[in-house]
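Visitor: Sharing a model that was predicted from the sequence below.
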Amino acid sequence: MNGVGIDLPIIWAVIILFGVMMYVVMDGFDLGIGLLFPFFASKDDRDVMMNTVAPVWDGNETWLVLGGAGLLAAFPMAYAVVLSAFYLPLILMLIGLIFRGVAFEFRFKASDETRRWWDWAFIGGSAVATFFQGVTLGGFIEGVPVHDGRYAGGALDWFSAFSLFTGCGLLATYALLGSTWLIMKTEGPLLLRMRQLARTLAWLLLLFIAAISLWTPLAHERVAERWFSWPNLAWFMPVPLLVAWAMWRLSKSLSGRNDAAPFVYTLVLVFLGYTGLGISLWPYIVPPSLTIHDAAGPPQSLGFALVGALLIIPLILMYTAWGYWVFRGKVRRGEAYH
């Protein structure tokens, strides 16, 4: 905290959390489309699915860069520890994103004979990137051993039953985001098929949320203390109640006529899950030992970097909103951005 009473580490923590949340939402439905590809063999259906995000998909990854750069600028100790602990899954995630991105562009230029290879590259890249994002999250929740400000664990400490389970949970999350996005952006038989898939995926996601919500406090006393001690229990009880409400509204909206409603309620579910994660981990930026203030850089560095962040984040928000506004509405067969 500096002399004028501004808690710069907390401000930077909020900025990074915001950036990561924006990435999860925006690249989540992009990756989700790749996860849904195996359910649709028709070239026309796949073309429509890809064209719903073709104008905006690469801009969505700006938020991942913002989160990573913010972590390096504001919390260099945490950055070093996290990259050392999760080097392998993060590299595999990036490889998946590269394959997904290359396949996205080359698929539209490919011949009929080679297109199927790019389809599988798109599916595989999306699945690998999503799964290892979830694995990294699971390993992070379980905790990272730190000694004297450095990572003190092994190369495979992230590999566990819980991290593999969270990887599968994120696959379900992104697939649901993708299906509800396509409900909003498509029409006809493709839309009806997406509604059917979304019903199954919604209940699957709820099972993952319930399992992780029980598994985490049972395995980690600090998380149980945070959620179930008094008066925290009273303050945090609205979160699971809101999850139940959002799930009920999502189920109803999948039978309604408002094609945007399922996507909105899925976003609410994702936000509530993200909120629950924040409650469980706060105030640690690297659980269970490094708090936000422990890992923060010098106040001068935080202040200097904050000026740049406050200039660039509104610009990112403006061009992102403008891009989605320009390409709003349904995408039909025969219409193409490429």
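Guide: The structure has been received and is ready for your questions.

Visitor: Check which helices and strands the helix or strand hosting Met194 is in contact with.
Guide: Assessed by DSSP states H and E, Met194 sits inside helix 189-219. Packing partners of helix 189-219 (3 or more Cβ pairs under 8 Å, 6 or more residues apart in numbering; DSSP states H and E): helix 43-51, helix 161-185, helix 221-228, helix 238-253, helix 261-281. All C-beta atoms are positioned from the backbone trio N, CA, C, and that covers glycine.

Visitor: Apply 7 Å and report the result again.
Guide: Applying 3 or more Cβ pairs under 7 Å, 6 or more residues apart in numbering; DSSP states H and E, we find helix 189-219 packed against helix 161-185, helix 221-228, helix 238-253, helix 261-281.

Visitor: mean pLDDT lowest for which of those?
Guide: Mean pLDDT values for the helices and strands packed on helix 189-219 show the minimum at helix 221-228, a mean of 81.

Visitor: and it, how far from the chain's centre?
Guide: Relative to its chain's centre, helix 221-228 lies at 24 Å (Cα atoms, centre = their mean, to the nearest Å).

Visitor: Can I get it in PDB, CA atoms only?
Guide: Written as PDB, here are the backbone C-alpha positions of helix 221-228 (Å, rounded to 0.1, in the frame of the first residue of the first chain):
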ATOM      1  CA  GLU A 221      -8.600 -27.700   5.500                       C
ATOM      2  CA  ARG A 222      -7.900 -24.100   4.600                       C
ATOM      3  CA  VAL A 223     -10.700 -24.200   2.000                       C
ATOM      4  CA  ALA A 224     -13.100 -25.900   4.400                       C
ATOM      5  CA  GLU A 225     -12.300 -23.200   7.000                       C
ATOM      6  CA  ARG A 226     -12.900 -20.400   4.500                       C
ATOM      7  CA  TRP A 227     -16.400 -21.700   3.500                       C
ATOM      8  CA  PHE A 228     -17.800 -23.300   6.600                       C
END
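
Visitor: what does stretch 239-257 contact?
Guide: Applying Cβ atoms under 7 Å, 6 or more residues apart in numbering, the external contacts of stretch 239-257 come out as 195, 198-199, 202, 206, 209, 261-262, 265-266, 268-269, 272, 275-276.

Visitor: Name only those of these that count as buried.
Guide: Neighbour-count burial within these applies to 195, 198-199, 202, 206, 209, 261-262, 265-266, 268-269, 272, 275-276; the criterion is 16 or more other Cβ atoms under 10 Å.

Visitor: Of those, which is the nearest to Ile11?
Guide: Closest approach to Ile11 among the buried ones among the contacts of stretch 239-257 (Cβ to Cβ): Thr275, at 18.6 Å.

Visitor: Against Pro238, how distant is that closest one?
Guide: For Thr275, the distance to Pro238 equals 10 Å [Cβ to Cβ, to the nearest Å].

Visitor: my guess is Val223 contacts Pro217, does it?
Guide: Yes - with contacts counted by Cβ atoms under 7 Å, Val223 reaches Pro217, the gap being 4.7 Å.

Visitor: So if I had to pick from those two, which one is more boxed in?
Guide: Val223 (20 against 16; other Cβ atoms under 10 Å).

Visitor: With Phe99 as the reference, measure out to that one.
Guide: To Phe99, Val223 is 35 Å away according to Cβ to Cβ.

Visitor: between the buried ones among the contacts of stretch 239-257, which is closest to Gly19?
Guide: Using Cβ to Cβ, the buried ones among the contacts of stretch 239-257 come closest to Gly19 at Thr275, 15.9 Å.

Visitor: Enumerate every residue touching that closest one.
Guide: Val239.

Visitor: Find out how far the lowest-mean-pLDDT helix or strand in the chain is from the centre of the chain, if you would.
Guide: Sorted by mean pLDDT, DSSP states H and E, the helices and strands of the chain end with helix 57-60, the least confident at a mean of 78. How far helix 57-60 lies from its chain's middle: 13 Å, per Cα atoms, centre = their mean.

Visitor: Mind giving me the packing neighbours of it?
Guide: Under the contact criterion of 3+ Cβ pairs under 7 Å, 6+ apart, helix 57-60 touches helix 8-36.

Visitor: and the helix it packs on, how far from the chain's centre?
Guide: Counting by Cα atoms, centre = their mean, helix 8-36 is centred 5 Å from the centre of its parent chain.

Visitor: Buried ones in it, by neighbour count?
Guide: Result for helix 8-36 [16+ other Cβ under 10 Å]: buried residues 8-9, 11-13, 15-16, 19-36.

Visitor: Who are the packing partners of it?
Guide: Going by 3+ Cβ pairs under 7 Å, 6+ apart, helix 8-36 lies up against helix 43-51, helix 57-60, helix 62-74, helix 112-142, helix 161-185, helix 261-281, helix 292-295, helix 299-326.
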